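Chemist: return atomic coordinates for the entry below.
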Amino acid sequence: MSFFIQHCWMIPLAPLVGFTINGLSVFSGKKLPRNLASFIACAAIFTSFVFAAGIFWELIHMPAEARNVTRELYPWLVIGNVKANVAFLIDPLSSIMMLIITGRSRTMKSEGMISRRIGKRTFTGAFCARSSA
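Modeler: Below you'll find the predicted structure:
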């Protein structure tokens, strides 16, 4: 198994770590500066995008019949002969969806950062302003 497929758990873990760092800073009373919090969020989403792109790249270089990969992380529940694992199913459709979700999330986050710097309202900035009110 190749590197990115072996480490596919990084795709959901990176944003969770970024969220935890930014969230704990708020609850600890020492709020991070806006630029640093934005950088952490963007870096986390970009990390997920890099791993999603790596998985997509590895899948397109596999033979067509081998493009359905199940990456089992650990057994979650074992009762007699019934076994439920925590696992990732990676196939061409899921890899494209990972690219779309992580790529668009990265774009939305950077659009928000740019709009704050130049004072323009983008679609993302307008949506965030309306939803927070």
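
Chemist: who's in contact with Leu77?
Modeler: Leu77 makes contact with Lys83, Ala84 under the criterion C-beta atoms under 8 Å, 6 or more residues apart in numbering. Where you see a C-beta, it was placed from the backbone N, CA and C, and this is true even at glycine.

Chemist: following the chain onward from the helix or strand hosting it, which element is next?
Modeler: Element membership for Leu77 (DSSP states H and E) is strand 69-79. With elements assigned by DSSP H and E, the helix or strand that comes after strand 69-79 is strand 82-90.

Chemist: next, the buried residues of that next one.
Modeler: Buried residues in strand 82-90, counted by 16 or more other C-beta atoms under 10 Å: Phe88, Ile90.

Chemist: from memory Leu99 sits against Ala53, does it?
Modeler: Yes - Leu99 lies in contact with Ala53 (C-beta atoms under 8 Å); the separation is 6.4 Å.

Chemist: tell me which residues are up against stretch 14-25.
Modeler: Applying C-beta under 8 Å, 6+ apart, the set of residues contacting stretch 14-25 is Lys31, Leu32, Ala37, Ile40, Ala41, Ala43, Ala44, Ile45, Thr47, Ser48, Phe51.

Chemist: nearest residue to the third one other than its sequence neighbours?
Modeler: Closest residue to Ala37 apart from its sequence neighbours, by C-beta to C-beta, 6 or more residues apart in numbering: Asn22 at 5.0 Å.
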